[in-house]
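J.: A predicted structure for the sequence below; I have some questions about it.
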Amino acid sequence: MIIKRTIRPLFSVIFVFAVAAVTLFFRAIVSGAGRDPYPDQNPFIISQTKHIPSLFNATLLKFSDVDLADASLRQNVEQLVDGDFLSFRTNRQRSFLSAGRYRLDIGVRNVRGSAMDLRSPEFHQLRLDFRRVLKDWWRQRRFDSEVLSKSNLVNALKGVKYKSCAVVGNSGILLKSNRGEEIDRHDFVIRLNNARIGGYERFVGSKTSLSFMNSNILHLCSRRGGCFCHPYGEKVPIMMYMSQPIHFLDYAVCNSSYKAPLMVTDPPLDMLCMRIVKYYSVKRFLKETGKELESWSGLHGGTEFHYSSGMQAIMLALGVCDKVSIYGFGKSDTAKHHYHTNQKTELSLHDYQAEYDLYEDLVNNPQAIPFISDKFKFPAVVIHR
């Protein structure tokens, strides 16, 4: 009995220590799992949500996934497919049917620049072509994280990938250095929104492989006879994203007269660009203001918010080039907004600073860019300022 009484306290002590050790061990595991693995990074980009990489914030991804303009865009497309052009008198639409910003023009113009009778066989055929391309575009308007890897991006540009590409923006900072010859040495050169190069060759070069623009530019060109929109030469292909669905009417008229290809960006690329830019814009907004997530829309144009032409041209280059050089993106207190115009202010519907954050990640940390498939291999990117 004496032996049993001396052993039992010993086992009790050992048992207590064992329980305490196991408890501390599991507490350490739980504590380590909950600790921020990136203590020096922005707290808005850290998340431990299941199925979401820890680099991204699940709330921001979900918020950026929503296109605020989708409902009104859908309504516009349905009206246009039904041929309800006149309803756009009050919808701020611009096309062949509008002159100025809100006024209805006297009539559609044909490829010769003369007025077109809306009851004519010519306009009937135009309307059929317009409806066809618009419906095809809307049908393809789906998000695809692998769009940059898809062959149709490359096929649109002669079916080959290029070893080196230069995307030339329009910032006034281009006038600070003579990079014209350097730009022209690239295999493929993309220019934006018909920016003038005459007289600026030593700053911006003279070579142009692709003219990239938004459809508002084509609309302005289409008001001239022949739909002429070729400041870089008639053989230079044009690619544009559709700012407004009704601009497919301009496209339908001009496409038949162009000697070089007149292309429209893939809708999945449009949707990828929108999500990425919105993500960067919201992330910067939260970091700088500390306001609620829902406050972002009211301060960034709401349904009018959009990525810039330059941003999408860079995204296009990622999919068709082995190396991408970026020129003329950025701003300076001593430089004009555009090197070739006297424009002094930025468009409020773009968040250029958020786009600059994206470009920095393209150079230094492409894995931090959301919505792009993990399978995509980013090319080398260099920014020249």
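T.: Okay, I see it.
J.: which residues in the stretch 251-385 of the chain form helices?
T.: Listed in chain order, the helices of the stretch 251-385 of the chain (DSSP state H, counting those that start in this stretch) span residues 267-289, 296-299, 309-320, 352-364.
J.: Remind me what the second one packs against, helices and strands.
T.: Okay, so that is helix 296-299. The contact analysis (3 or more C-beta pairs under 8 Å, 6 or more residues apart in numbering; DSSP states H and E) places helix 296-299 against helix 267-289. All C-beta atoms are positioned from the backbone trio N, CA, C, and that covers glycine.
J.: Please parse the protein into its domains.
T.: What automatic domain parsing lists as the domains of the chain is 2-35, 66-384.
J.: hmm, back to that, looking at the helices of the stretch 251-385 of the chain, which is closest to Leu192?
T.: Closest to Leu192 of the helices of the stretch 251-385 of the chain, according to C-beta to C-beta: helix 309-320, at 5.1 Å.
J.: Okay, Gly233 and Ser209: tell me how far apart.
T.: In this view, Gly233 and Ser209 are 11 Å apart by C-beta to C-beta, to the nearest Å.
J.: ignore the last one, Ala335
T.: Ala335 is 26 Å from Ser209, by C-beta to C-beta.
J.: can you check Ala317 too?
T.: Ala317 is 11 Å from Ser209, by C-beta to C-beta.
J.: who touches both of the two?
T.: Residues touching both Ala317 and Ser209 by C-beta atoms under 8 Å, 6 or more residues apart in numbering: 188, 190.
J.: Compare these two (neighbour count), which wins?
T.: For the pair Ala317 and Ser209, the greater number of neighbours falls to Ala317 (26 against 18), based on other C-beta atoms under 10 Å.
J.: which residues does the more buried one contact?
T.: 165, 167, 188, 190, 324.
J.: Next, give phi and psi for the first one.
T.: Its backbone dihedrals place Cys165 at phi -130, psi 140, with angles given as degrees, to the nearest 10.
J.: Now do the contacts for it.
T.: Applying C-beta under 8 Å, 6+ apart to Cys165 gives the contacts 186-190, 317, 320-321, 323-325.
J.: Dump those to a markdown table, plus distance to Val204 and pLDDT.
T.: Output for the contacts of Cys165, formatted as a markdown table (distance: C-beta to C-beta, whole Å; pLDDT from 0 to 100):
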| residue | distance to Val204 | pLDDT |
| --- | --- | --- |
| His186 | 12 | 98 |
| Asp187 | 17 | 96 |
| Phe188 | 15 | 96 |
| Val189 | 10 | 97 |
| Ile190 | 12 | 97 |
| Ala317 | 17 | 96 |
| Val320 | 21 | 94 |
| Cys321 | 19 | 96 |
| Lys323 | 19 | 98 |
| Val324 | 17 | 98 |
| Ser325 | 13 | 98 |
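J.: show me the contacts for the residue nearest the centre of the chain.
T.: In the chain, the centroid-proximal residue (C-alpha atoms, centre = their mean) is Cys273; its distance is 2.7 Å. By C-beta under 8 Å, 6+ apart, the contact set of Cys273 is 307, 311-312, 315.
J.: With pLDDT and neighbour count as extra columns, can I get these in JSON lines?
T.: Formatted as JSON lines, the contacts of Cys273 follow (pLDDT from 0 to 100; neighbours: other C-beta atoms under 10 Å):
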{"residue": "Tyr307", "pLDDT": "94", "neighbour count": "26"}
{"residue": "Met311", "pLDDT": "97", "neighbour count": "26"}
{"residue": "Gln312", "pLDDT": "97", "neighbour count": "24"}
{"residue": "Met315", "pLDDT": "97", "neighbour count": "26"}
